[in-house]
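Trainee: What would the 3D arrangement of this be:
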Amino acid sequence: MRLWIALFMVVLLSPLLRAQVPADSLPRPNTARLATVIGTEALIHTGLMIGLNELWYKDFPRSPLHSFNDNREWLQMDKVGHAMTAYSVGLLGMESMRWAGLNERSSRWWGGATGWFFLSSVEVLDGYSEEWGFSWGDVASNTIGAGLLIGQDALWHEQRMTLKFSFRQSPYAKIRPNVLGEGWNEEVLKDYNGQTYWLSVNVHSFLKESSSFPPWLSLGLGYGIDRNLVGEGVYVRVQNGLSASFQGQRQFYIGPEIDLWRIKTKSKVLRTVFRSIGFIKLPLPALILQDGGLKMQGFRF
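Mentor: Below you'll find the model as predicted:
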């Protein structure tokens, strides 16, 4: 979870950075733009690595590089977070490389792999920490996220399926605030029970001109968890002589989704806003499948 908190900050920052990248492309590489992109990425990467080491890892014992298996923890919510981080940062890298004038193939691979490279670097820091370890499950998730991005660009030259995020506060953070966070600003990063990840499938992009389906309306497929207070197993709370157990449950969602990146507007302000927050799933009604039961929830966030 601690590693994922740091990585999730990149997801929060990448759409804001993406809004600063013009949509134009050049017929050939522009040396000045390319130097700006590479220099900025190197500076950010170096700064984050040093910052993570100084603010987090140096306070824990070091060890030789080793791996550990955390694939069963938190019902794989952290793994989905890794995939989304790799996808989002890679998309920013891809757009930046094309802005610098790299051809489609080069920007696809060099830019699209930016997220995977960053996450792998952080994974190495984990591998040298006695408290954690190098997680092959994390690496696999990073690869899935980068593969979704690069594969779609190679196949369709566009992103017909995107990864998005939504959050609502859950009642469980008050039970374990030291683990799940205290207050909205911490809970959005730590409390997996309040997080939902979405695969937004744009129907119009598959049907193209054969349908009048709105290009900004997509189908959202979500995944989340509930009643999960520990990484693995059952959490038992004893209060005033009474005990209550909490067993994590998976949740699946399906519902309409608005793709802000596909809304056409002449307003530069609105285009910037839409590009900045386009990775957020807007609250809309959704069907929820949990513990074998199906129910409707209005304006699911």
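
Trainee: Against residue 178, how distant is the residue nearest to residue 227 when sequence neighbours are not counted?
Mentor: Closest residue in space to residue 227, ignoring its immediate chain neighbours: residue 246 at 4.8 Å, by C-beta to C-beta, 6 or more residues apart in numbering. The C-beta positions use only the backbone N, C-alpha and C, and glycine is treated the same way. Computed as C-beta to C-beta, to the nearest Å, the residue 246 to residue 178 distance reads 15 Å.

Trainee: Same check on residue 218?
Mentor: When distance is defined by C-beta to C-beta, residue 218 is 38 Å away from residue 178.

Trainee: what about the strands in the stretch 151-300 of the chain?
Mentor: 161-167, 195-202, 217-226, 234-239, 242-247, 249-258, 284-290, 293-300 (DSSP state E, counting those that start in this stretch).

Trainee: helices or strands up against the helix or strand residue 120 falls within?
Mentor: Counting by DSSP states H and E, the secondary-structure element that holds residue 120 is helix 114-127. Applying 3 or more C-beta pairs under 8 Å, 6 or more residues apart in numbering; DSSP states H and E, one finds that helix 114-127 makes contact with helix 2-18, helix 31-55, helix 77-99, helix 136-156.

Trainee: ok, now which ones touch the nearest residue to residue 127 once chain neighbours are set aside?
Mentor: Once its chain neighbours are removed from consideration, residue 127 has its nearest residue in residue 134; the separation is 3.3 Å (C-beta to C-beta, 6+ apart). Taking C-beta atoms under 8 Å, 6 or more residues apart in numbering, we find residue 134 in contact with 65, 66, 67, 68, 123, 124, 126, 127.

Trainee: What of residue 263?
Mentor: With contact set as C-beta under 8 Å, 6+ apart, residue 263 has these partners: 216, 270, 274.

Trainee: Let me know the closest of the residues you listed to residue 81.
Mentor: Proximity of the contacts of residue 263 to residue 81 was ranked by C-beta to C-beta; the top entry is residue 274 with 23.4 Å.

Trainee: Can you get me a residue count around that closest one?
Mentor: The number of residues packed near residue 274 is 21, by other C-beta atoms under 10 Å.

Trainee: Much appreciated, bye for now.
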